[in-house]
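> Following is a predicted model, sequence given first.
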Amino acid sequence: MISVEEALNKILDSFSPLGLETTSILDALGRVIGEDIYAGRAMPPKDHSTMDGYALRSIDTGGASQENPAILDVTEEIPAGTIPKKRIEGGQAARIMTGAPLPEGADAVVRMEDVQKKENRVVIFVEERKGHNVRYAGEDVRIGEKVISRGEIVRPAEVGMLASLGRSFILVHQRPLVAVVATGDELMDIDEPPSPWKIVGSNSYCLAALVRECGGIPLQIGIAKDRREDLLAKFRAARRADIILSSGGVSVGDYDLVKEIMKGAGNRMDFWQVAMKPGRPLAFGALGDVPIVGLPGNPVSSMVSFEQFIRPAILKMLGHAHLFRKTIRARLDEDIKKRAGMRHFIRTRIRRDKEDYVAVMTGDQGSDIRMSMVRANGLIILPEDATIVRKDSMVTVQLLFDSLDRMPTPGY
Ligand code: AMP
Ligand code: MG
């Protein structure tokens, strides 16, 4: 039996970021960019107005006020997206719209609200300083500037930046293909009629959902009977994946064949059993050169093991620098007793209590109790050596969601 850390290190060492592929910027959302992006154009491309108003020479408004306005001749109208035709000379101004290029000679824009139009002239009641309401070329982004670095996650802001630069495609790390194989004679698929002797092999769906949630591509191989040939056939079908996940068949039962196959010729078993609860009977190795994780069959165990080992491995393949779920400190809501020796992951529902978080257990902690996961939004992590953890003591909780802090109201 090895520790959670040892198991994690062994598993993570077996994976590296996958190669790069080209994708549209919208499909790149949430993925890790594999190239540095340099601006091939300036933004804005030309000096332009940030207001609807009049472009003018600031010097012509010197001393202007409500009582003593400046009066300028209007030369032309410059809507956004058009090219100014005339240069602004002393005593002149041009009607200009937000985003339109500044005409030659002008160095400021006075807002619509601070002027009065009088036929071909404009009456200006304020003194305007040079550069006011003007955005200079390259003020946002200079030509040649690095705007996104490889390794960063593409968010909507990056998508907008890439679009502004005229980039419709970029390089991102490939998404790993994750094969999921269920094992067990007692398993049936969702759409089969219920039977007192059978249960739905729900792990295939749950694990596929976990894979998709963290950015991998699940490949559901189906259910293998507890027979060598059937299991081998299913594993053969999974060999094109970047990682194979099996569920069940890794305990000490007579029909637990996954380990046996991992130990067979051409395959490898690196370790079996991790000092954690739930999730102890986990096997790791390779079938040929494809890494395989034999996850325990109990629904909660397979989810908790996925969270500790598979999620970080998938994120590493996706090129992410940060592989782990956020943890918080929370106040325990009741005493918890455990035996020393293993790390325990206790399903909890975290709730906010003023400035604190409170960790409430989600009931029966059996590794076959699905409701304990449905109710949970985190896992309390109790260290190996702990035997009793008292109510009101502070514990570490691994969040099962990226954010706990969604608000029922906008919060302002
Ligand atoms: P095993 O390790 O194969 O003995 O499985 C342990 C427990 O998990 C048994 O009660 C199985 O019925 C259950 N189990 C195994 N595989 C699945 C699955 N794919 N979906 C739901 N439960 C499963
Ligand atoms: Mg089984």
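Looks like it came in fine. Ligands and ions are numbered 1, 2, ... in the order given.

> C-alpha from now on. contacts and neighbour counts both.
Fine.

> and stretch 296-305, does that touch ligand 1?
Yes: Stretch 296-305 lies within reach of ligand 1 by CA under 6 Å from any ligand atom, at 296, 297, 298, 299.

> what sits up against that stretch?
The contact list for stretch 296-305 (CA atoms under 8 Å, 6 or more residues apart in numbering) reads 202-203, 206-207, 247-251, 277-282, 295, 345, 367-370, 373.

> Considering only those, which also neighbour ligand 1?
Subset of the contacts of stretch 296-305 in contact with ligand 1: 202, 203, 247, 248, 249, 250, 251, counting by CA under 6 Å from any ligand atom.

> okay but the last one is in contact with residue 273, surely?
No: checked against CA atoms under 8 Å, the pair residue 251 and residue 273 is beyond contact range at 9.0 Å.

> what's the helix ranked longest in the chain packed up against?
Ordering each helix of the chain by length in residues (DSSP state H) puts helix 202-213 first. The contact analysis (3 or more CA pairs under 8 Å, 6 or more residues apart in numbering; DSSP states H and E) places helix 202-213 against strand 177-183, strand 217-224, helix 299-305, helix 311-317.

> and the stretch 101-250 of the chain, which residues reach ligand 2?
Applying CA under 5 Å from the ion, we find that the stretch 101-250 of the chain lies next to ligand 2 at 184, 248, 249.

> pLDDT value on the first one, please?
Residue 184 carries a pLDDT value of 97.

> The one 10 residues further on now?
The per-residue pLDDT reported for residue 194 equals 95.

> ditto for the one 5 residues further on
The score at residue 199 is 98. That number is its pLDDT.

> And the helices and strands packed on helix 202-213: which comes nearest residue 360?
Closest approach to residue 360 among the helices and strands packed on helix 202-213 (CA to CA): helix 299-305, 17.6 Å.

> any idea how far the closest one is from the chain center?
Mean-position distance between helix 299-305 and its chain equals 22 Å (CA atoms, centre = their mean, to the nearest Å).

> How about stretch 173-182?
Its chain's C-alpha centre and that of stretch 173-182 lie 17 Å apart, by CA atoms, centre = their mean.

> Return it as PDB; C-alpha atoms alone will do.
C-alpha atoms of stretch 173-182 as PDB (Å, rounded to 0.1, in the frame of the first residue of the first chain):
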ATOM      1  CA  HIS A 173      -2.900  21.700 -26.400                       C
ATOM      2  CA  GLN A 174      -4.900  18.600 -27.600                       C
ATOM      3  CA  ARG A 175      -7.600  17.200 -25.400                       C
ATOM      4  CA  PRO A 176      -6.800  13.700 -24.100                       C
ATOM      5  CA  LEU A 177      -9.000  10.800 -25.100                       C
ATOM      6  CA  VAL A 178     -10.000   9.000 -22.000                       C
ATOM      7  CA  ALA A 179     -11.400   5.400 -22.400                       C
ATOM      8  CA  VAL A 180     -13.800   4.200 -19.700                       C
ATOM      9  CA  VAL A 181     -14.400   0.500 -19.300                       C
ATOM     10  CA  ALA A 182     -16.900  -0.900 -16.700                       C
END
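
> Is that stretch in proximity to ligand 1?
Yes: using CA under 6 Å from any ligand atom, stretch 173-182 reaches ligand 1 at residue 182.

> From what I see, residue 49 and residue 103 are in contact.
No: in this structure, residue 49 is not within contact of residue 103 by CA under 8 Å, at 9.8 Å.

> More neighbours: which of those two?
Higher neighbour count among residue 49 and residue 103: residue 49, with 29 against 23, using other CA atoms under 10 Å.

> Roughly how far does that one sit from ligand 2?
Going from residue 49 to ligand 2 by CA to the ion, to the nearest Å gives 70 Å.
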